[in-house]
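Q: coordinates only, sequence not included:
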């Protein structure tokens, strides 16, 4: 059984495409050239109108977009109500102006961002810069730079702004420049309206105190300021080193705060309100709001805001056991509980949402209380743990896109509701407060949507892994198509010998759970040959790895890696997200084991269907949590996975930022954290493992990889370690891919990599 067939534009089948396969395998140098081209994103350039960059402008009444081949495109404007389309300018007409401004010959690609019809002014990006095209004057100039992040936050009445003064806050009268202190006891360990900076930001600024945004919110009447006090709370101070700073022969050292999973102490975010009038009279006394502090699990502002003269504040219990939404009267300093979520064993925040809707006098909640993420309306003053179910069934509501208080209707996205359709495909639905639901995107494809500001229309980019993208303008009332803005044309890509990805599905070992995969074959694939298999992996309960869209599948790194002469696969096993709570729960406190045997089961099912899968030569690679997976796979199943590249992996979850592992692990004890670490498994290594990491990674510290490296050395296990200088979490680039391809070519394909040109 297959929910979605293999479809190729023009009616060509995979078998027809393989008929043009080379009689002999292409030389390794030629395969590398193709792989490097694909990894650099060149596949997308061979598809016209893959991404129209369509966006709403003029308050949602117009759609600005680009269509046509590279350097030959047209910037167009569509009327959202009628669908009438008018061309604004061609890229060809702009090329001479762009060549002058950008100092290059081109051809230049134009990505439109905004259009002012009154000024006949087009804002766009090209050549890595933001530019403005004055159509009347026929000139291209640089767009003004964005404001500095620390310039302050201006009051609604325009009279004052709030700035940082060290670790404190100050009020500046805009007309006179006069400063008034708002807080007076700020310090490194107790700062106001300021988060802790990231390690990579410190390195970029060459200081431990880089410019930080002022995190304050003015009340609508400009009389009060909502902000927070960040207390370090004895949390560990990390010591980061940049071993090879540009312009210096000596390393640089930085101290920074980075809350880690399972740590006893993490910073606490304490919400406070400041009375402006009292401050102007010399009273510097921020009012600490009477609600529990939030634990900082990843640098970011707390979820709080003004609702007229009240404060709305969302609190998450450490370990994700509860999520509460409070309404606070700052004058009386009294908090009222509006929403209470406490799903067992854990509130999975990536599948849950609490959204205040003052226009509906309550809150909208996406909750897994029925084991599926469904939508509820909790009216103000009712049971915080209750609410009216607006949707139901074994499918997931993924986001609340828009609230229409006049129509008492909502626009939400969801997956898995439609029978016979890939359960990962997204659709847009209209939902009323009476529970009536309507699918506005009925085609059995994935729908990536953007709704206009006025809520009347939406842009729909619909596709599947095998069906090229169509970009439509549709009515949000009933989903009817107002205009087709463009359709991707992959003719040039297919003519180059490109082999499209193939979706795959099979039943798990329980005989009822459907598992999905994706198969990427090399260019000019030949079914008469035998191919080693490489898995591109990213597991974990916060997401899934298989992509539903056409564009991201043809630009997937798996496509590039297949070109060296392998079959590359992706698999979503149990423990991953967006298939309901039961499908994801095997990952709970079990990241070290979840899904391992599902992956092998699916690979064997693929082999049963396609004899050219060589399961005696299986490799695996991944980035970030996928880097953890790649190392885990080769260490836990060393007789099956023979080669692995683990990039930027969180090899011990306790060395990772707190939020990602704790979303999966909750409030785990030390023994459970240890069981989920790759470090104790180092002695299991039998095959070939390469560890890679950036030395200034501020997402997953390089310490995680170095800890696994040390364990492998102690266990006398040969492996490779590559540390990229001055790279953060993103190490990906030409040199990385070259090392990556060489490792699989040598150890999995058994070939000699070509000489570097």
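A: Thanks, I have the structure now. Just so it is clear, the structure is predicted and the values come from calculations on it, not from any experiment. Numbering: from 1, shown residues only.
Q: got the contact list for residue 741?
A: Going by CB atoms under 8 Å, 6 or more residues apart in numbering, residue 741 touches 32, 35, 561, 564, 753. C-beta: built from backbone N, CA, C; applies to glycine.
Q: one more pass at 10 Å, please.
A: 28, 31-32, 35-36, 39, 560-561, 563-564, 645, 749, 753-754 (CB atoms under 10 Å, 6 or more residues apart in numbering).
Q: just the helices in the stretch 251-400 of the chain please.
A: 276-280 (DSSP state H, counting those that start in this stretch).
Q: brain fart, the stretch 401-550 of the chain
A: Under DSSP H, counting those that start in this stretch, the stretch 401-550 of the chain gives helices at 491-495, 550-554.
Q: one step back: among the contacts of residue 741, which one has the most neighbours?
A: Of the contacts of residue 741, residue 645 is surrounded by the most neighbours, 30 neighbours in total, counting by other CB atoms under 10 Å.
Q: returning to that earlier point: closest one to residue 400 among the helices of the stretch 401-550 of the chain?
A: With CB to CB as the measure, helix 550-554 is the member of the helices of the stretch 401-550 of the chain nearest residue 400 (23.9 Å).
Q: packing partners of the closest one?
A: When contacts are defined as 3 or more CB pairs under 10 Å, 6 or more residues apart in numbering; DSSP states H and E, helix 550-554 packs onto helix 42-45, strand 446-451, strand 457-463, strand 514-520.
Q: what lines up beside the third one in the sheet?
A: If I follow you right, that is strand 457-463. strand 446-451 (antiparallel), strand 470-475 (antiparallel) (DSSP bridges).
Q: can you give me how far it is from the chain middle?
A: Chain-centre distance of strand 457-463: 20 Å, with CA atoms, centre = their mean, to the nearest Å.
Q: tell me the contacts of residue 228?
A: Neighbour list for residue 228: 191-195, 215-216, 268-272, 286, 288-289, 293-294, 296, 301-302, 304, 313 [criterion: CB under 10 Å, 6+ apart].
Q: Throw together a ChimeraX command that grabs the buried residues out of those residues.
A: The following ChimeraX line selects those of these that are buried, judged by 16 or more other CB atoms under 10 Å:
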select :191,192,193,194,195,215,216,268,269,270,271,272,286,289,293,294,296,301,302,304,313
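Q: of the contacts of residue 228, which belong to strands?
A: Among the contacts of residue 228, the members found in strands (DSSP state E) are 191-192, 268-272, 288, 294, 304, 313.
Q: what about the residue lying closest to residue 55 once chain neighbours are set aside, distance to residue 726?
A: Using CB to CB, 6 or more residues apart in numbering and skipping the chain neighbours, the partner closest in space to residue 55 is residue 64 (5.7 Å). Using CB to CB, to the nearest Å, residue 64 is found at 37 Å from residue 726.
Q: and those two? which has more neighbours close in?
A: Ranked by neighbour count (other CB under 10 Å), residue 64 and residue 726 place residue 64 first, with 23 against 15.
Q: phi, psi of the more buried one?
A: Recorded main-chain torsions at residue 64 are phi -100, psi 130, according to degrees, to the nearest 10.
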